[in-house]
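Trainee: no sequence on hand, only this structure:
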């Protein structure tokens, strides 16, 4: 990968005196130190550089080729590159998989040629590579974006869409956010986001990685890299909505996949999911500035406006950021500058105190008190610029660094004052935002990443799966197993299932009901069918013999040949959960966990994670569930016993991962009574 | 009220050569045409104006006094003002209710003096009034904010917090958003947000009203004004979170009240709730520019970046804004400029077409097609500024206006290009945003407001309540009624309740169980107690005589003297709802409706509305519920029968409103089986 970023020499195939063929040359001349070889049979010179008719005419070795010529001419060109000994090619031209079937075939043809020749391809349909720190601009992006000023920084970007890459750079420049590398990967016929992520994780100049992606074909690898990443990763995923996913399909040839699953797995792997372009940029930028944050994130707010203090509280608490309780020392110190009538509380409204002591004294004393308060991790100052004095930012920052606390500003006010303030803060590495909601989002991202990191362990979690030769063969070969067979199989893997039995006639049914005790449920099972209720094949609440007889006859009348009767104990439960296993195209074996019953209809809110996983990871999955409040016990119900629940997830994950034939397992419902989960209905589905 | 905004003459009590006493004079001189009388015994002249020792020394009549002197001197001053014949006083000084009990007493003393003298007071603890259009700056706000440029516009602001008012103005100036009036109302001892809202609703220069409030003491009047308002109202409410509410209590003397109720009632009254300062400003600004929008809000996206199109879809769909289906004509017209391989879809990605035809032609042709498409209400164009050509905004806007469609831009790109673009768009009244999420929020606000307006009817909804003399007296006087008494009372008001009876012994219980049919529920009722389950006073699922005997003895052992037995039919239901009535301090009689059972624990998501209400309003309440998907029927359950449900809400609202003694009624659960709601448990609570 490194040759893509740091080649000794670059050929530009399709260089020109105008337009994008010219932009690439000008961009290269702006910072690349090695030899640049324009290639175009129509010119002998471009921007003062000798121009060659063909790549093979270049008299010296070439490391990297940047290709801008029409798509149809590229297969032959790749052969020529290979002959020339070029090992890396960035194809920036469009006209491949994104244009439909013919384009896809052309792209695959190029890939075959490249693989045979040992060439690696970047793109096609992309804007190539920008490395601001080194001044490497391997891109047809408009030189104006570069000239208007890109600041070197510690964020690196991976962007699937070409145009978005240029937009991102322009916006970062406009906002004064520094950038290290911007990698526009386009159709990613060969090099993809996983390759680039892997490279950037090792890149010493990159501290935070931000990505715009429309799909993750190698989602599992991506998530595994993220899981262990020491650097925060922020992902903006396009195509989360139905119409967005539809649009993504025809753009850069992406299959967005199941975005609920993808988003959930990424979050479980410690990735921050962004919802918009600027949010992504600003979270990434802030994360480069607050690497030392304590994940507890107890925040103190200093303000000159009571209203702003209230809004800051609202924004932080809405996202679960705790408002710190001031220590007695801090309350005393702040109390000394407050007027007598005013109680000291967080947010600390300094306005009345400023009237008495002046701004300088008040900020200094309150700030010092908070920055030595052991109950405070983050100091958020609401500041209105354009007033006469400005706080001594340098001293503030030094004090914050010394005490290991995070300092951020919510800045408002007059134009010139804001500009001056921002410039100084940028030099000092202090995050400044104009929207307190964004500050809360940044703190949440930092807190979650730190928490994720602190929970990381070594890789060997004792989860080696039974080898194919050792594990027993699957008992059945049908695609859809009925609930009895499914649960019998699950119970072999230590998953607790409801007491039940197959019965062949009414007499057996009666006997079984007396064994388990009333009330019972009678079900009719049909091979290959998962939906029994809709077909009248389920009778609940059977309390005596006459009711059982009635239910038996009812189901008998509906059961087709091959069907069987199942009788099970009717369980009184507190609530229903869902647990499942799914083999995803992008993420491979995954677990699913969430609230069941009516919840799952109303607001499907299940958590997904890579499978298999260990007990600790399974506990994290349970804690990440949106329904955790319910699981903690409410309305007189017992709290969910997390260990047995985690064990079910561990076994389910191992089981699913052990048998590549299994496409999906649904345990729905997994009912909970007295805190203990029990599988009441389940289906195993094999791959077709 | 009009004298506050348009006085003939103004006295400034506490005028000065320095600081805020000087700022007010300079601000007045900047635009006020009438005579200005500085009052301060220490000066004879301020800013070239003769200065008077006392208000009574002013030789001519004075309409309005602006007061900046210390709080303790103000009662005497008000008496002097009254003697002078001044009828309106803006007290900008602090030191009143916001400082605690002594300050509150001082404030009330001032109010008493004012009322006796027929004076109206604005403030105290506020920044007064700014009217940009007329150049009236009755405020101690820093003149720099004014000088840096406030644009006249069509938004008027009402701001509870003084500092926030100045911040808002500075930020609006910085963002180039025009403003008409900014009213900082502070502690609102006399004039409050309802008075000012009422004034602004009639003000021909105001088209949209935006408010920052920490509480709404006259919430009901506010909501009633909003309900009928022809102008959009955007409210940013501080103190929605527990810590925020706590902070609000000590700021501008606000009791935030039940913010869930307040927010819900305001939304039902057609108010847009904002979550942040800039969101509030930008929604208000955009609403001034798109008054003609069709509430259906079917949106077409034009873009030069596929990625941006996808993100726009995601942002719109997430907020429920529909992505338009293009008409056949549009598809044909756009198809003619698209390359052959590219299918026409919305979002319309113009990038490949631009390569063939050039930007000008492509934008013009695609734009024209969309703006005449009957399936399109809104055209959202993603544009990257700083490229060579810019679209002809004037022609675009004219075409959009002609066809009654809304045109908005999502603008990105290079600094200078963006600036030029924004300036031109501002002149033409085209909304431009840099964040597509914000665009979606603006469209949602416009769509909801338009929908609300179209649903407005005349005021007389036939909901006259029975007069106090005609309505039967309340059957009970206790504070908390038990569920039997509560349901009997509800059934008198046509609310369907579960079949049940009081029984005094086991024999009666058995008789009753046989009457209603098994299974039954047995409950022990204790006077004045609402929580039975926790005390073991409820036995469910009683199927036969032995179980009934067992349950009876169980409850008998727990029931204290004065308790009674209630036996009721056990209802099999599909799901549980909650309906209720509450008499709120700020909003008066209100209805509550939402999902019950476990839902209400997990994510309380009830809708509140002013009571009483009619059938149409009740249907809106049901449709606004977060659980509407469930209510539409899912998992084989029948859809909720909305008419009977609405009738329950109508009756509940009338009942609650008819008896001022009733503080609260809870119907929980209101179970639904086969789509029909039935009250299973209920409590009536009287005011103490």
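Mentor: Yes, it's here. Keep in mind that this is a model prediction, so the values were computed, not measured. Numbering: from 1, shown residues only, chains lettered A, B, ... in the order given.

Trainee: where are the low-confidence patches of the stretch 301-450 of chain A?
Mentor: A:387-389 (pLDDT under 70).

Trainee: enumerate the residues of it near chain B.
Mentor: A:304-311, A:313-318, A:323, A:339, A:341-343, A:345-347, A:349, A:351-352, A:384, A:386-387, A:412-416, A:418, A:434-437 (CB under 8 Å from any CB of the partner chain). (C-beta placed from N, C-alpha, C; glycine too.)

Trainee: residues in contact with the longest helix along chain A?
Mentor: Secondary structure of chain A per DSSP state H: the longest helix is helix A:436-454. If you take CB atoms under 8 Å, 6 or more residues apart in numbering or on different chains as the criterion, helix A:436-454 is touched by A:230, A:232, A:234, A:270, A:272, A:279, A:282-283, A:286-287, A:290, A:293-297, A:299, A:308, A:311-312, A:315-316, A:318-321, A:378, A:380, A:382, A:406, A:408, A:410, A:431, A:433, B:275-276.

Trainee: could you pick out which of the residues you listed are located in helices?
Mentor: A:279, A:282, A:283, A:286, A:287, A:308, A:311, A:312, A:315, A:316, A:318.

Trainee: tally of neighbours for residue A:21?
Mentor: Burial measure for residue A:21: 22 neighbouring residues, criterion other CB atoms under 10 Å in any protein chain shown.

Trainee: repeat that for residue A:471.
Mentor: Residue A:471: 12 neighbours (other CB under 10 Å).

Trainee: which residue is the nearest non-sequential neighbour of it?
Mentor: Once flanking residues are discounted, residue A:471 sits nearest to residue A:658: 5.4 Å by CB to CB, 6 or more residues apart in numbering or on different chains.

Trainee: look up how far chain B lies from that neighbour.
Mentor: According to CB to the nearest CB, to the nearest Å, residue A:658 stands 32 Å off from chain B.

Trainee: and the residue nearest to the spatial centre of chain A, how far is that from chain B?
Mentor: By CA atoms, centre = their mean, the mean C-alpha position of chain A lies nearest to residue A:266, the distance being 3.6 Å. In this view, residue A:266 and chain B are 16 Å apart by CB to the nearest CB.

Trainee: next, that residue: secondary structure please.
Mentor: helix (DSSP: H, G, I helix; E, B strand; the rest coil).

Trainee: that one contacts residue A:234, correct?
Mentor: No - Residue A:266 is beyond contact range of residue A:234, at 10.4 Å (criterion: CB atoms under 8 Å).

Trainee: need the residues touching each of those two.
Mentor: Residues touching both residue A:266 and residue A:234 (CB under 8 Å, 6+ apart): residue A:273.

Trainee: mind giving me the domain ranges of chain A?
Mentor: Using automatic domain parsing, the domains assigned to chain A come out as A:2-206, A:291-430, A:499-569, A:575-686.

Trainee: mean confidence score for the longest one?
Mentor: So the one you mean is domain A:2-206. Mean per-residue pLDDT for domain A:2-206: 94.

Trainee: got the end-to-end distance for that domain?
Mentor: One end of domain A:2-206 to the other measures 14 Å (CA to CA, to the nearest Å).

Trainee: strands of the stretch 101-250 of chain A, residue ranges please.
Mentor: A:120-122, A:128-131, A:136-138, A:155-159, A:181-184, A:208-213, A:233-237 (DSSP state E, counting those that start in this stretch).

Trainee: what about residue A:447, how many residues nearby?
Mentor: Every residue meeting other CB under 10 Å relative to residue A:447 is counted, giving 21.

Trainee: nope, residue A:43 is what I was after
Mentor: What residue A:43 shows, counting by other CB under 10 Å, is a neighbour count of 17.

Trainee: the nearest residue in space to it that is not next to it in sequence: what's it in contact with?
Mentor: For residue A:43, ignoring the flanking residues on the chain, the nearest one in space by CB to CB, 6+ apart is residue A:51 at 4.3 Å. By CB under 8 Å, 6+ apart, residue A:51 lies in contact with A:15, A:38, A:39, A:40, A:43, A:44, A:45.

Trainee: if we go to 6 Å?
Mentor: Going by CB atoms under 6 Å, 6 or more residues apart in numbering or on different chains, residue A:51 touches A:38, A:40, A:43, A:44, A:45.

Trainee: please look at residue A:298 and residue A:380 and confirm they touch.
Mentor: No - using CB atoms under 6 Å, residue A:298 is not in contact with residue A:380, being 11.1 Å away.

Trainee: can you select the buried ones from the residues of the stretch 301-450 of chain A next to chain B in PyMOL?
Mentor: Here is the PyMOL command that selects the buried residues among these (16 or more other CB atoms under 10 Å in any protein chain shown):
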select buried, chain A and resi 304+305+306+307+308+309+310+311+313+314+315+316+317+323+342+345+346+347+349+351+352+384+386+412+413+414+415+418+434+435+436+437
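
Trainee: do I have it right that residue A:400 meets residue A:407?
Mentor: Yes - using CB under 6 Å, residue A:400 makes contact with residue A:407 at a distance of 3.9 Å.

Trainee: more crowded one of the two?
Mentor: Looking at residue A:400 and residue A:407 with other CB under 10 Å, you find the greater number of neighbours at residue A:407, namely 26 against 21.

Trainee: so what's that one bridging to?
Mentor: residue A:379 (DSSP bridges).

Trainee: thought residue A:379 was touching it, still the case?
Mentor: Yes - Residue A:407 lies in contact with residue A:379 (CB under 6 Å); the separation is 5.1 Å.

Trainee: quick one: residue A:548 is in a helix?
Mentor: Yes - under three-state DSSP, residue A:548 falls within a helix.

Trainee: check contacts around it.
Mentor: By CB under 6 Å, 6+ apart, the residues touching residue A:548 are A:513, A:542.

Trainee: show me what from the stretch 151-300 of chain A comes close to chain B.
Mentor: Residues of the stretch 151-300 of chain A lying near chain B by CB under 6 Å from any CB of the partner chain: A:161, A:163-164, A:167, A:170-171, A:174, A:238-241, A:243-244, A:247-248, A:251, A:276, A:278.

Trainee: output the contacting helices and strands for the longest strand along chain A.
Mentor: Determined from DSSP state E, the single longest strand within chain A is strand A:662-673. For strand A:662-673, the elements it packs on are strand A:575-584, strand A:676-679, strand A:682-686, judged by 3 or more CB pairs under 6 Å, 6 or more residues apart in numbering or on different chains; DSSP states H and E.
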